[in-house]
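# Provided below are the primary sequence and the corresponding predicted coordinates.
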Amino acid sequence: MKDTFNQARRGGLVIQRILFTGDFLRPGDTPPRTGSGHPPPRFRSSQLENVVWLYRLLGRKLAEATGLPADIRTWGRGIDTPALYQALGLGQDTEGWVEAFSAPTFNRPVMNRLEAVFQGSLVISFEMADSIKRALTQLGIPFVDLNIHPVRFLPDVFFAAQTNTQAVFEAMLAHHTPSETYFDWADLLAAAAIKRPHIPIAPDTALLVGQTRVDRSLIIDGRLHGLADYADTLRSLMPPGGPLMFKPHPYNPGGHGLQGAPFDAAITTSANIYTLLPQENLSRVIGISSSVLVEAHYFGKQVTALSALPFSIPDTAEQAEPGQHLSLYDACFSTDFWRDALAPVLNTTARTGHRFRRPPNTLRLSLGNFWGFNEVSTDFLVQLYQGSSPAT
């Protein structure tokens with residue numbers, strides 16, 4: 001990814017403000033168009049809450065670090081998303097979002113609208129669309145995009161950060177969490193699984209993991225994919241008669257959508273993923289682009305990803321290359337981190353040495369999303385206190 005700041009400086013860009021945004025193109029989940037004659041669902045934002053959440057979490061820190069005003073720009077708050085879809089000639093539904101998300105370039109009317117919104121800004125975003133990242137880079141507008149890291153079994157979830165500005169990337173390297181530390185937490189969960197109720201798993205079982213119906217990581221070659229798109233590949237990966245287990249996504253508990261052998265013989269499990277991954281008889285984990293595929297590696301499982309995973313994360317800071325995501329476990333909760341990270345592109349205020357040490361599950365509770373970890377942490381403790389047998 002090119003160094004946006006250097007390009008922008010030569011163009012005379014002056015950063016005047018911090019703007020928080022996200023995937024302002026994404027509507028509320030709507031079913032694909034069916035041509036049935038029914039009116040389309042109401043077009044509304046599904047990400048406004050996430051953008052406001054990020055602003056409240058980090059806005060004061062960014063403002064204090066830079067001395068610049070911080071504000072929100074997202075669907076309905078400074079961005080006319082329906083007008084963007086109209087300029088793109090796309091339908092205002094999930095199918096339109098998929099096309100907009102994966103567009104390699106935008107037309108001039110859309111670029112003009114984006115430039116009018118973001119010019120003169122440093123953009124801090126939550127899970128921004130790939131097409132918007134490309135557009136901001138083309139416009140010479142620097143950004144730092146934050147995503148929930150795919151490794152979600154540590155004491156808390158944390159951020160994977162990507163930027164289009166090499167100087168900021170290099171400044172963040174000192175705060176990158178090396179992936180070797182995740183093995184320690186996986187070991188702890190693997191040990192804890194011994195104390196959970198037994199899960200009967202045949203030797204050399206393959207685990208097929210499901211995902212939600214609509215997920216940004218399932219946008220491949222301009223359309224949403226599902227397991228059925230990989231049926232032939234999956235058959236080639238599985239030995240005849242080999243045991244197969246299917247773990248649906250908690251938010252999409254339906255069947256795997258695959259017909260015929262070996263899928264008809266698959267055993268569907270509701271067991272928690274963090275009690276499944278340590279099981280000795282589980283040898284392989286297969287999926288399209290689920291974060292479980294990243295996590296399974298730390299439990300010693302063979303991993304097969306049917307598509308490219310959405311994050312490229314280096315194991316160590318020394319191996320990192322511009323454009324990759326960096327692992328920021330604690331760093332970004334400190335104003336000093338933002339002073340360090342943005343010093344190459346902005347005048348920043350004096351460091352104070354203050355650090356915010358968050359307790360376990362802080363971000364999980366703040367987001368209201370545990371990704372199943374609650375079942376082996378907080379829920380398990382409650383069940384013990386109530387004298388019941390922990391469920392898996």
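Looks like it arrived, so ask away.

# tell me where the protein has helices.
If DSSP state H is used as the criterion, the helices of the chain fall at 4-10, 48-66, 81-88, 94-102, 108-118, 130-139, 166-172, 180-193, 231-237, 273-276, 291-296, 335-342, 362-367, 378-386.

# packing partners of the fourth one?
Spelled out, it's helix 94-102. Contact partners of helix 94-102 among helices and strands, from 3 or more CB pairs under 8 Å, 6 or more residues apart in numbering; DSSP states H and E: helix 81-88, helix 130-139, strand 219-220, strand 223-224. Just so you know, the C-beta spots here come from the backbone N, C-alpha and C atoms, and that holds for glycine as well.

# same thing but 6 Å
strand 219-220 (3 or more CB pairs under 6 Å, 6 or more residues apart in numbering; DSSP states H and E).

# residues in contact with the strand it packs on?
Contacts of strand 219-220 from elsewhere in the structure, counted by CB atoms under 6 Å, 6 or more residues apart in numbering, are 98, 101-102, 307.

# stretch 355-363 now?
With contacts defined as CB under 6 Å, 6+ apart, stretch 355-363 is touched by 155-157, 333-334.

# now do stretch 318-331
For stretch 318-331, contacts defined as CB under 6 Å, 6+ apart pick out 1, 149, 158-162, 166, 169, 172-173, 175-177, 311-314, 337.

# one more: stretch 303-316?
Contacts to stretch 303-316, defined as CB under 6 Å, 6+ apart, come from residues 150, 160, 178-179, 217, 220, 230, 285-286, 288-289, 293, 296-297, 320, 324-325.

# list only buried entries from those residues.
The neighbour-count test (16 or more other CB atoms under 10 Å) marks 150, 160, 179, 217, 220, 230, 285-286, 288-289, 293, 296-297, 320, 324-325 as buried among the contacts of stretch 303-316.

# farthest pair in these?
Across the buried ones among the contacts of stretch 303-316, the longest distance by CB to CB is 30.6 Å; it joins Tyr230 and Ala320.

# make JSON lines out of the contacts of stretch 355-363 and add neighbour count.
Formatted as JSON lines, these follow (neighbours: other CB atoms under 10 Å):
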{"residue": "Pro155", "neighbour count": "16"}
{"residue": "Asp156", "neighbour count": "17"}
{"residue": "Val157", "neighbour count": "22"}
{"residue": "Phe333", "neighbour count": "20"}
{"residue": "Ser334", "neighbour count": "20"}
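
# now those residues in TSV, with pLDDT and distance to Gly255?
Below are those laid out as TSV (pLDDT from 0 to 100; distance: CB to CB, whole Å):
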residue	pLDDT	distance to Gly255
Pro155	95	34
Asp156	96	33
Val157	97	28
Phe333	95	41
Ser334	96	45
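
# out of these, which comes closest to Gly353?
Comparing the contacts of stretch 355-363 against Gly353 with CB to CB picks out Ser334 as the nearest, at 9.2 Å.

# chain neighbours aside, what residue packs nearest to that closest one?
The spatially closest residue to Ser334, leaving aside those adjacent along the chain, is Arg355, at 5.3 Å (CB to CB, 6 or more residues apart in numbering).

# and the gap between Val157 and Ala129?
From Val157 across to Ala129, the span is 21 Å (CB to CB, to the nearest Å).

# next one: Gly78
Taken as CB to CB, the span from Gly78 to Ala129 is 17 Å.

# pick out whichever of the two has more residues nearby.
In this comparison of Gly78 against Ala129, neighbours counted by other CB atoms under 10 Å, the higher total goes to Ala129 at 23 against 15.

# thinking again about what came up before, between the helices of the chain, which gets nearest to Leu224?
Of all the helices of the chain, the one in closest proximity to Leu224, counting by CB to CB, is helix 94-102 (5.7 Å).
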